[in-house]
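Novice: quick one: sequence and predicted model below, then my questions.
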Amino acid sequence: MQLVRSGNTAININGEVGPFFKSFAGVKQGDPISPLLFNLAVDALAGILEKARTASHISGVVGHLIPGGGVTHLQYSDDTMILV
């Protein structure tokens, strides 16, 4: 756990490595926990969107093109697109 909390980061630009600095937020690229965290976040987002849509808190601009109120979302890898 110490490694996760106190990781040092350096930036490599054109083969020149800058000074190390502490990173205090986020998950490092390639971290095995990234997909799990993404799945937890997108499941929560999907639930929030569905509840907001059914309670008529949000509605789509072109509702006749998207069944069920005109709001939906697409998710792939680490991308999310909300269609309204």
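Specialist: Sure, I can see it.
Novice: now stretch 26-42: mean pLDDT?
Specialist: Stretch 26-42 shows an average pLDDT of 80 in the prediction.
Novice: ok, and for the longest helix seen in the chain, which residues are buried?
Specialist: For the chain, the helix that runs over the most residues, judged by DSSP state H, is helix 34-54. Residues of helix 34-54 classed as buried by neighbour count (16 or more other CB atoms under 10 Å): 38, 49, 53. Where C-beta positions appear, they are placed from N, C-alpha and C, glycine not excepted.
Novice: and the first one, how close does it get to residue 54?
Specialist: Pointing back at residue 38 there. As for residue 38, its distance to residue 54 is 25 Å (criterion: CB to CB, to the nearest Å).
Novice: figure out how far the longest helix of the chain is from the centre of its chain.
Specialist: How far helix 34-54 lies from its chain's middle: 9 Å, per CA atoms, centre = their mean, to the nearest Å.
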